[in-house]
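Give me the fold of what follows.
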Amino acid sequence: MHLFNVLPLTAAVLHLLGRAQAKAVFAHYMVGSVNEAHVQQDIDNAIAIGLDGFALNIGDPTEPYVNTTLVSLFDYAWGKDFKLFVSMDLTASGAACTAGRSCCNGPSDYDSILSEFLGNGAYYLGPNGLPMISTFQSDGFTIDAWNASGWWSYWGNLVDGLFSWEAAWPVVGDSNSADCGSMSPDIPVINGALNHGKSYMIALSTLQYKDAYGTNLYRPGGLTLPIRMNNILGMASQLDFVEIITWNDGPESHYIGNVWPEASDSSVKYCSPQANFPHTAWQPLVTSFIAAYKTGNTMAPPTGATAIGAMWYKTLLQDATCSGATQPDGWSTGTDSLTWAVVLPAGSKGMQIRATSNGAVISTVAVNPGLNFGSPTGVQAGAQMLQLLNSAGAVVMTATGGACVASVCPAGMFNMNYQVVGLSAGGGNASCK
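All right, here's what the predicted structure looks like:
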C-alpha cells in the first residue's frame with residue numbers, strides 16, 4: 001500500500017486532507033531530466049484528455065535535475081485547471097544509495113522540496129484547502145497486514161487515505177483470467193478506509209513489463225485496463241481518487257503519455273517507446289472513462305463521433321526464439337491475443353468488431369453502446385487489424401499499421417511491451433512495419 005497525506009516527520013509542516021468532495025483523476029508522473037518544452041507538452045496533453053493533475057514521483061530528491069524539473073512543472077501549471085502533488089518514492093531513494101549515487105536517508109530529505117512547493121498555486125489542495133502528499137513504498141506488507149485493526153490503531157491518525165500500486169495488475173505468474181482487472185485486492189482496504197473515515201485512491205493501469213532496474217518480469221495487461229475501468233465505475237461512489245499508472249514510466253511499459261529521450265535511462269533494455277511503442281491511442285479511452293467516473297454516466301465517445309477505441313498486442317509470439325535472451329518472470333502467462341476496447345454512443349445498433357491476424361479473421365463479435373472489449377487468441381506472425389462494421393456490414397473504422405508480430409526477437413529480448421493502435425475513420429488493408 002501507499003499512503004497519502006502523511007504528517008510531518010521533520011520541519012516541513014503538513015496538514016491532513018479532509019474527505020474529498022469532488023472526484024479527481026491523476027496520472028503517476030516520473031520526475032526526470034525533462035526539458036521545459038516537453039514539460040509543457042506533457043501538461044497540455046494531460047489537460048486535453050481530462051486529467052486533474054500529476055502525482056510527481058520523486059526518488060532521490062538530491063539529484064540536481066529534480067528541482068529544475070519541478071520548477072518547470074509548477075511554473076507552467078500555475079493558473080491552469082491542473083494540479084500537482086509530491087509522491088515520495090522512498091524505495092527508489094534507497095536504491096540510489098545502494099547504487100553509489102547521492103541519495104536521501106528518508107522522508108526528511110524531502111523537506112526542502114515540500115517547503116518550496118507546498119504553497120505553490122499549482123499544488124493540489126483538498127476541500128479544506130490543505131495539500132496532499134503520497135508515499136511510494138509498501139515495505140513488504142500484505143493486504144491483510146494493511147487491513148488489520150492494529151494497523152489502523154497505529155497509523156490511523158497519521159494518514160487520510162490509502163493507495164495500492166500493486167493492486168493494478170495480477171501477481172507475477174497468475175494465469176487466472178478472472179484476476180485480470182479484478183478489484184478483489186482493493187476491496188478489503190477500501191472497506192477499511194471507509195470504516196475509518198478515510199479516502200481510497202484506486203490504481204488504473206494496463207500491463208507491467210520491465211527488463212530494467214535489475215528486474216525482468218511480466219504481469220498480464222491484455223484486458224486489465226477495460227475490465228478495471230468497468231469495475232471502478234461500478235464502485236465510483238466509494239472512490240475519491242483514481243491514479244493512472246503511468247504517464248511516462250517507459251521501462252515499466254504502462255505509460256499512456258510521452259516518454260522523452262532526455263529522461264530515459266540508457267542502461268534500461270527496452271525499445272525506444274516514444275518512437276516504436278507509442279501508447280497514446282489509449283488516451284481516448286481514458287478521457288471517456290474520466291467523464292463517466294465523474295458524472296456517473298456510461299462511457300461514451302465525443303458527441304458526434306462514430307466510436308473511439310484501440311487494439312493492442314505484443315509483437316512476439318509465445319513460441320518466439322530469442323538467442324541469448326532470458327524470458328521474463330511471468331512469460332508463460334502471455335497469450336497470442338489481439339486485445340481491443342471500443343466505446344460506442346447511445347443508440348448504436350447492429351455494429352460489429354472484426355479482428356484479423358495475418359489475413360485471417362480470428363473473431364467477429366457484436367458491440368453495443370458503451371464500453372466493449374475482447375481479446376481473441378489466434379494471433380499469427382504478420383500484420384494485425386481491427387475493423388468496426390456498421391449494421392450493413394460495411395467497414396466504418398479501422399486500426400492497423402502497428403509493428404509486425406514476429407516469431408523471432410528483432411531486439412534481442414523477450415519484449416512484452418504492447419503495440420497500441422487507435423481506430424480511425426474508413427477502411428483499408430492490413431499493414432505493419
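
So Leu217 versus Gly330, what's the distance?
For Leu217, the distance to Gly330 (Cβ to Cβ, to the nearest Å) stands at 6 Å. Just so you know, the C-beta spots here come from the backbone N, C-alpha and C atoms, and that holds for glycine as well.

who touches both of these two?
Jointly contacting Leu217 and Gly330 under the rule Cβ atoms under 8 Å, 6 or more residues apart in numbering are Val172.

neighbour-wise, which of those two wins?
Each of Leu217 and Gly330 has its neighbours counted (other Cβ atoms under 10 Å); Gly330 has more, 22 against 16.

got a list of what that one touches?
Per Cβ under 8 Å, 6+ apart, neighbours of Gly330: Val172, Gly173, Leu217, Tyr218, Arg219, Pro220.

what's the answer for Gly422, then?
Counting by Cβ under 8 Å, 6+ apart, Gly422 has contacts Thr280, Ala281, Pro284, Ile308, Gly309, Ala310, Ala399.

pretty sure the fifth one is touching Met351, no?
No - the criterion here is Cβ atoms under 8 Å, and Gly309 misses it with Met351 at 11.3 Å.

Dig out what Arg83 forms beta bridges with.
Actually, residue 83 is Lys rather than Arg. Gly53 (DSSP bridges).

State the distance from it to Tyr29.
On the measure of Cβ to Cβ, Lys83 and Tyr29 end up 12 Å apart.

which of these two has more neighbours?
Each of Lys83 and Tyr29 has its neighbours counted (other Cβ under 10 Å); Tyr29 has more, 28 against 21.

Quick check: chain neighbours aside, which residue is closest to Ala292?
Nearest non-adjacent residue to Ala292, counting by Cβ to Cβ, 6 or more residues apart in numbering: Met299, 4.6 Å away.

Next: Ile58.
Val31 (5.1 Å).

Now the one you found, what are its backbone angles?
phi -80, psi 110 (degrees, to the nearest 10).

what do you get for the one 10 residues further on?
Gln41 adopts backbone torsions of phi -70, psi -40, taken as degrees, to the nearest 10.

and it, what does it touch?
Here Gln41 is in contact with Asn258 (criterion: Cβ under 8 Å, 6+ apart).

repeat for Trp340
Gly309, Ala310, Met311, Trp312, Ile353, Ala355, Phe373, Gly374, Ser375, Leu386, Ala399.

Who does it form a beta bridge with?
Beta-bridge partners, per DSSP bridges, of Trp340: Met311, Gly374.

repeat for Leu125
Going by DSSP bridges, Leu125 forms beta bridges with Pro131.

residues near it, how many?
Leu125 has 14 neighbours, counted by other Cβ under 10 Å.

how close does it sit to Asn230?
Applying Cβ to Cβ to Leu125 and Asn230 gives a distance of 31 Å.

circling back to that earlier point, could you check how far the residue nearest to Ala292 is from Leu239?
16 Å.

Neighbour count for the two, which is higher?
Met299 (24 against 21).

The more buried one contacts Ile290, correct?
No - applying Cβ under 8 Å as the test, Met299 and Ile290 come out as separate, 9.6 Å apart.

residue ranges with poor pLDDT in the stretch 151-300 of the chain?
264-275 (pLDDT under 70).

Isn't Pro302 up against Ile308?
Yes - with contact defined as Cβ under 8 Å, Pro302 counts as touching Ile308 (7.4 Å).

Looking at those two, which one has more neighbours?
Ile308 (23 against 12).

List the residues that contact the more buried one.
Pro284, Leu285, Ser288, Pro301, Pro302, Val342, Val343, Gly422, Leu423.

confidence score at the last one?
Translated: Leu423. At Leu423, the pLDDT value in this model is 98.

bridging residues for the residue nearest the centre of the chain?
Closest to where the C-alpha atoms of the chain average out (Cα atoms, centre = their mean) is Ile245, at 2.6 Å. Applying DSSP bridges to Ile245 gives these bridge partners: Ser205.

Surely it touches His28?
Yes - contact criterion Cβ under 8 Å: Ile245 and His28 qualify, at 5.0 Å.

In the record's domain split, what are the boundaries for the protein?
2-268, 308-425 (automatic domain parsing).

so can I have CSV of those domains showing distance to Lys294?
Output for these, formatted as CSV (distance: least, Cβ to Cβ, whole Å):
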stretch, distance to Lys294
domain 2-268, 5
domain 308-425, 16
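
Among the ones you listed, which comes closest to Asn276?
Among the domains of the chain, domain 308-425 comes nearest to Asn276, with 6.9 Å by Cβ to Cβ.

how far is the closest one from where the chain is centred?
19 Å (Cα atoms, centre = their mean, to the nearest Å).

Endpoint to endpoint, it covers what distance?
With Cα to Cα, to the nearest Å as the measure, the ends of domain 308-425 fall 10 Å from one another.

same thing with stretch 302-314?
Per Cα to Cα, stretch 302-314 runs 29 Å from first to last residue.

next one: that stretch to chain centre, how far?
Distance, centroid of stretch 302-314 to centroid of chain: 18 Å (Cα atoms, centre = their mean).

Counting neighbours, which bits of that stretch end up buried?
Within stretch 302-314, the residues scored as buried using 16 or more other Cβ atoms under 10 Å are Ala307, Ile308, Gly309, Ala310, Met311, Trp312, Tyr313, Lys314.

Run through the residues that contact the third one.
With contacts taken as Cβ under 8 Å, 6+ apart, Gly309 has the following neighbours: Pro284, Leu285, Trp340, Ala341, Val342, Val343, Leu386, Leu388, Met397, Ala399, Gly422, Leu423.

switch to 6 Å and redo it
Ala341, Val342, Leu423 (Cβ atoms under 6 Å, 6 or more residues apart in numbering).

tell me the mean pLDDT for the host helix or strand of it?
In this structure, Gly309 sits in strand 308-314 according to DSSP states H and E. Summarised as a single mean, pLDDT over strand 308-314 is 97.

do stretch 49-57 as well
Summarised as a single mean, pLDDT over stretch 49-57 is 97.

Figure out how far it is from the centre of its chain.
With Cα atoms, centre = their mean as the basis, the mean position of stretch 49-57 lies at 11 Å from the chain mean.

now swap in stretch 26-34 and tell me
The answer for stretch 26-34 is 12 Å, by Cα atoms, centre = their mean.

Ok, stretch 117-135 next?
Stretch 117-135 sits 22 Å away from the centroid of its parent chain (Cα atoms, centre = their mean).

can you give me the end-to-end distance of it?
Rule used - Cα to Cα; the end-to-end distance of stretch 117-135 is 16 Å.

That one: which residues count as buried?
Phe117, Leu118, Asn120, Ala122, Tyr123, Tyr124, Gly126, Pro131, Met132, Ile133, Ser134, Thr135.

Much appreciated, bye for now.
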